[in-house]
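**Q** Can you look at this prediction? I've put the sequence above it.
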Amino acid sequence: LTVLGKAHEFFQICDLEGKGFITRQDMQRLHSELPLSLEELEKVFVTLDADGNGSLSLKEFTTGFSEFGNHVTLIELYSHFILSTSQSESETACSLKCKETVNDDEDEELQFSDLMDRLGAKKVLDDESDVKQLWLQLRKDEPHLLSSFEEFLVRIFSQVQEADNEKNELECALRKKIAAYDEEIQHLYEEMEQQIKKEKEQLLLKDTERFQSYSQELECKLQSKEQELEQLVQKQKRLEQQCTELLSGKEKTRVENTKLKMSNQELLKDLERTSHELSLAQQQLQMLQQEASRLHEEKEM
């Protein structure tokens, strides 16, 4: 039988009621007779159900079965069905006539190994025994199907290899994107660190400039107070001299003496007040100088 003939026969086995189409349940009924799990049978059904209507017509089934889609589990389904029907036909034929074995085992092994190498099957299959069994069976019992089966294997392994290449390309692209993302994150971290450092330096500079300005202002006030104090001292000296002259002079009067004493007392109060303000200004200047020195040390660090 041809591949299409076997597909037609398998369709009839699934469609026991003769509905003209098969459903998931029809295919799942053969679960115990096929080397596939229910999940794998579901994948086979979905692969063959191109229009997604939940049923397979004879045309859809035979077309999909002959083309084999792109799912590797179809190899197992095809392998099991071909082997089972081939073995049945072979047993019937052997009851009439025993076939002679003409192929050398070592030559078959070499040819199969060469086929697998050309197909790159070792990269796809962990176990080649099922494929090898089917290949040997077809080579022995139905050699006219062997070329079709090998063409089918070429298509399947080519599609698997393409899928593997696409997977590798996607993984490579993903790794590149991750590396670019990590590099961008690192760049952002570095920019943030530089910005924080720059802002900190600007704040320190502003604080230093502010304290320097305040210190200069206090120094000016201190100089002004010192000048005022000097003027008061000179004025006191002059008043003391005048008082001495008046006391020693013949023309002093009690009224003038009293006025001079009062003036002298007022000057003493002014002098004491100015001295106190000068002392406070000196203390503030000293504190500002210490603070400016500390800021300068932090900036150098």
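**A** Alright, I've got the coordinates.

**Q** Tell me how far the residue positioned nearest the centre of the chain lies from Cys172.
**A** Nearest to the mean C-alpha position of the chain, counting by C-alpha atoms, centre = their mean, stands Ile178 at 5.4 Å. Note on Ile178: its distance to Cys172, by C-beta to C-beta, to the nearest Å, is 11 Å. Using the backbone N, CA and C atoms, a C-beta is placed for each residue, glycine as well.

**Q** what's the answer for Glu298, then?
**A** For Glu298, the distance to Cys172 - C-beta to C-beta - is 50 Å.

**Q** do Gly20 as well
**A** According to C-beta to C-beta, Gly20 stands 48 Å off from Cys172.

**Q** and Ala292, how many neighbours does it have?
**A** Ala292 has 17 neighbours, counted by other C-beta atoms under 10 Å.

**Q** Val44 now?
**A** Count around Val44 with other C-beta under 10 Å applied: 22.

**Q** now swap in the one 10 residues further on and tell me
**A** Other residues within reach of Gly54 by the criterion other C-beta under 10 Å amount to 11.

**Q** Point out where this structure drops to low pLDDT.
**A** 1-4, 35, 65-105, 247, 250-251 (pLDDT under 70).

**Q** Show me how it divides into domains.
**A** Segmentation of the chain into domains, based on automatic domain parsing, reads 3-93+103-165, 202-300.

**Q** would TSV of these with distance to Glu191 be doable?
**A** As requested, the domains of the chain are arranged in TSV below (distance: least, C-beta to C-beta, whole Å):
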stretch	distance to Glu191
domain 3-93+103-165	39
domain 202-300	16
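
**Q** so of those domains, which one's packed in deepest?
**A** domain 3-93+103-165 (a mean of 15; mean count of other C-beta atoms under 10 Å).

**Q** Using the three-state scheme, assign the nearest residue to Leu48 once chain neighbours are set aside.
**A** In space, Leu48 comes closest to Gly64 once its chain neighbours are excluded; the distance is 3.8 Å by C-beta to C-beta, 6 or more residues apart in numbering. Recorded secondary structure, Gly64: helix (DSSP: H, G, I helix; E, B strand; the rest coil).

**Q** show me what contacts Gly64?
**A** The contact partners of Gly64, by C-beta atoms under 8 Å, 6 or more residues apart in numbering, come to 47-48, 50, 56.

**Q** Check the gap between it and Asp51 for me.
**A** Between Gly64 and Asp51 the computed distance is 11 Å (C-beta to C-beta).

**Q** Check Leu36 too.
**A** On the measure of C-beta to C-beta, Leu36 and Asp51 end up 23 Å apart.

**Q** same check, this time on Ile196
**A** Taking C-beta to C-beta, one finds Ile196 at 62 Å from Asp51.

**Q** and what of Val44?
**A** 16 Å.

**Q** cool, and Thr23?
**A** Distance from Thr23 to Asp51, by C-beta to C-beta: 14 Å.

**Q** And the host helix or strand of Ser293, what does it pack against?
**A** Secondary structure assignment for Ser293, by DSSP states H and E: helix 254-300. With contacts defined as 3 or more C-beta pairs under 8 Å, 6 or more residues apart in numbering; DSSP states H and E, helix 254-300 has these neighbours: helix 146-248.
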